[in-house]
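Colleague: how would this look folded up:
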Amino acid sequence: MSETNTLRLLAVDQDDLNVISAACQDGVCKPSDLILEGKRRRFRLEFNRFRWEVDGIARQKGLQRVRSVLSFEDVSSVKARGMPPKSADLVLSVLSIDWQPDEDPPGGEVRIVFAGHGEIVISADCLDATLIDVSQPWATRNRPAHKE
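Modeller: The predicted structure follows:
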């Protein structure tokens, strides 16, 4: 996979998470791809990520998506607001990911906001997030677009 320049990113503060959020924007998944590993205190999101980092600089390769895993460690709780049930056959699209530290750091909350379908709020002892591409990229015809 190294020849495709796969992403492997780590976030321990808001600036780091901003980079991950930008890379994850317009990633798509099903509700069943949202996984809480309670015993490991980990929350994981498996999704098809649009490769924004190659859009524009590698037009000859075309538009691409790649299977990615975004995980958060040291999770104490996960709450869903306005999300469909896990069994729903809906496609969720990631809009943004944000970190809100507690008044007494290093703990805080991660908010993953989805287009039109609510958000996931992850309480964690600290911000410890990783984004890893886990497949080869594949071609896609559609470049995500947003109304201004």
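Colleague: mind showing which ranges of this structure have poor pLDDT?
Modeller: The model of the chain has pLDDT under 70 over residues 1-4, 55-61, 148.
Colleague: Now do the helices in it.
Modeller: 14-24 (DSSP state H).
Colleague: Can you show me the strands along it?
Modeller: In the chain, the strands defined using DSSP state E lie at 8-11, 28-29, 34-37, 42-50, 64-72, 75-81, 92-101, 108-114, 118-124, 129-133, 138-139.
Colleague: Sort out which residues of stretch 131-148 are buried, please.
Modeller: Residues Leu131, Asp133, Pro137 are the ones in stretch 131-148 that count as buried (16 or more other C-beta atoms under 10 Å). C-beta: built from backbone N, CA, C; applies to glycine.
Colleague: Stretch 30-44 now?
Modeller: Buried positions in stretch 30-44, judged by neighbour count with 16+ other C-beta under 10 Å: Lys30, Pro31, Asp33, Leu34, Leu36, Arg42, Phe43, Arg44.
Colleague: Pick out the most distant pair among the residues you listed.
Modeller: Within these, Lys30 and Arg42 form the most distant pair, 19.1 Å apart (C-beta to C-beta).
Colleague: about what we covered before: now the buried residues of stretch 30-44 as a markdown table including distance to His146?
Modeller: Shown next, in a markdown table, are those (distance: C-beta to C-beta, whole Å):
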| residue | distance to His146 |
| --- | --- |
| Lys30 | 21 |
| Pro31 | 22 |
| Asp33 | 22 |
| Leu34 | 22 |
| Leu36 | 29 |
| Arg42 | 30 |
| Phe43 | 26 |
| Arg44 | 26 |
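Colleague: ok, back up a step: can you say which of the strands of the chain is nearest to Lys147?
Modeller: Counting by C-beta to C-beta, Lys147 lies closest to strand 92-101 out of those; the figure is 12.5 Å.
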